[in-house]
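Chemist: Following is a predicted model, sequence given first.
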Amino acid sequence: ARTFYDPAQVSIMPMDFYFPGKGKSGDLPPRKGFAEKWHPQLLGLMPDVRLTVLIGSYATRRYLGLKSSAKLTDVVRDYRSYLPERFPLVHPSPRNQIWMKKNPWFEEDVVPELRRRVADALS
């Protein structure tokens, strides 16, 4: 667990550094152009990325080159297609508890594989 919290081993790069506020059905989207401007510069400072965990629809669509019509459930179910470099996930929000109940394959199949992949990347 100590390694996971070591900033020399693990980085968190949000889609935006600013909370855009609440919308009708959750948080508003990240600002347009932010990731395009700042992510390449930040990634340039991380030369040895072994695994990128993409959390939520904005990150998965951007980094997997998906259309906005792509269903995140399908993308996460098909996570093996994006390995070994990228691992798509749903956002770990309390709002997603219903999603978790509807998709038991996530806890049974995806979470154990995610744990293995993160452990391998950190070793």
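Modeler: It's in.

Chemist: Please count neighbours and contacts with C-alpha atoms only from this point.
Modeler: Will do.

Chemist: How about residues contacting stretch 24-44?
Modeler: For stretch 24-44, contacts defined as C-alpha atoms under 8 Å, 6 or more residues apart in numbering pick out 13, 15, 16, 18, 19, 20, 21, 22, 58.

Chemist: Let's see if you can find the most crowded of those.
Modeler: When neighbours are counted by other C-alpha atoms under 10 Å, residue 15 leads these with 21 neighbours.

Chemist: Quick check: phi and psi on the nearest residue to it once chain neighbours are set aside?
Modeler: Among residues not flanking residue 15 along the chain, residue 35 sits closest, at 5.7 Å (C-alpha to C-alpha, 6 or more residues apart in numbering). Dihedral pair for residue 35: phi -60, psi -40, per degrees, to the nearest 10.

Chemist: Whichever strand or helix holds residue 63: which residues count as buried?
Modeler: If you go by DSSP states H and E, residue 63 is part of helix 57-64. Within helix 57-64, the residues that qualify as buried are 57, 58, 59, 60, 61, counting by 16 or more other C-alpha atoms under 10 Å.

Chemist: for the strand or helix carrying residue 113, what is the average pLDDT?
Modeler: Here residue 113, judged by DSSP H and E, is contained in helix 111-122. Averaging pLDDT along helix 111-122 yields 95.

Chemist: mind listing what's buried in that helix?
Modeler: 113, 114, 117, 118, 121.

Chemist: by contact count, what packs against it?
Modeler: Packing contacts for helix 111-122, counted by 3 or more C-alpha pairs under 8 Å, 6 or more residues apart in numbering; DSSP states H and E, involve no helix or strand.

Chemist: Would you list the phi and psi of residue 5?
Modeler: Per degrees, to the nearest 10, the backbone of residue 5 is at phi -100, psi 10.

Chemist: From residue 58, how far off is it?
Modeler: According to C-alpha to C-alpha, to the nearest Å, residue 5 and residue 58 sit 24 Å apart.
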